[in-house]
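A.B. asks: Here is the input, now give the coordinates:
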Amino acid sequence: MAILIALIPALAWGSTGIITTKMGGSAAQGTLGMTLGP
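C.D. replies: Purely as a prediction, here's the structure:
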């Protein structure tokens with residue numbers, strides 16, 4: 001169970017590109033936005 005909890009951040013970070021492209025941006029923009037923060 002602990003390994004599944006540990007994998008959640010990696011899966012969320014990986015899905016950022018998919019979500020960003022569905023919203024009209026590029027994967028690079030989504031990753032840059034997550035890195036720089038609000």
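
A.B. asks: give me the low-pLDDT residue ranges for this protein?
C.D. replies: The model of the chain has no residue with pLDDT under 70.

A.B. asks: OK, contacts around residue 13?
C.D. replies: Residues near residue 13 by C-beta atoms under 8 Å, 6 or more residues apart in numbering: residue 34. (Each C-beta comes from the backbone N, C-alpha and C, glycine too.)

A.B. asks: Helix or strand next in line after the helix or strand containing residue 18, which one?
C.D. replies: Remark: residue 18 resides in helix 16-22, with elements defined by DSSP states H and E. Downstream of helix 16-22, the next assigned helix or strand under DSSP H and E is helix 27-36.

A.B. asks: Now do the buried residues in that following helix.
C.D. replies: For helix 27-36, the neighbour count (16 or more other C-beta atoms under 10 Å) marks residue 30 as buried.

A.B. asks: which helices and strands does the helix holding residue 18 pack with?
C.D. replies: For helix 16-22, the packing partners by 3 or more C-beta pairs under 8 Å, 6 or more residues apart in numbering; DSSP states H and E come out as helix 27-36.

A.B. asks: Return stretch 4-22 as CSV; C-alpha atoms alone will do.
C.D. replies: Written as CSV, here are the backbone C-alpha positions of stretch 4-22 (Å, rounded to 0.1, in the frame of the first residue of the first chain):
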residue,chain,number,x,y,z
LEU,A,4,1.0,3.0,-4.3
ILE,A,5,0.9,6.1,-2.2
ALA,A,6,4.5,6.8,-3.1
LEU,A,7,3.7,6.6,-6.9
ILE,A,8,0.8,9.1,-6.8
PRO,A,9,3.1,12.2,-7.2
ALA,A,10,4.9,10.6,-10.2
LEU,A,11,1.6,9.8,-11.9
ALA,A,12,0.2,13.3,-11.2
TRP,A,13,3.4,14.9,-12.6
GLY,A,14,3.2,12.7,-15.7
SER,A,15,-0.4,13.5,-16.4
THR,A,16,0.3,17.2,-16.4
GLY,A,17,1.2,17.2,-20.1
ILE,A,18,-2.0,15.4,-21.1
ILE,A,19,-4.2,17.7,-19.1
THR,A,20,-2.5,20.8,-20.4
THR,A,21,-2.8,19.8,-24.1
LYS,A,22,-6.5,19.0,-23.6
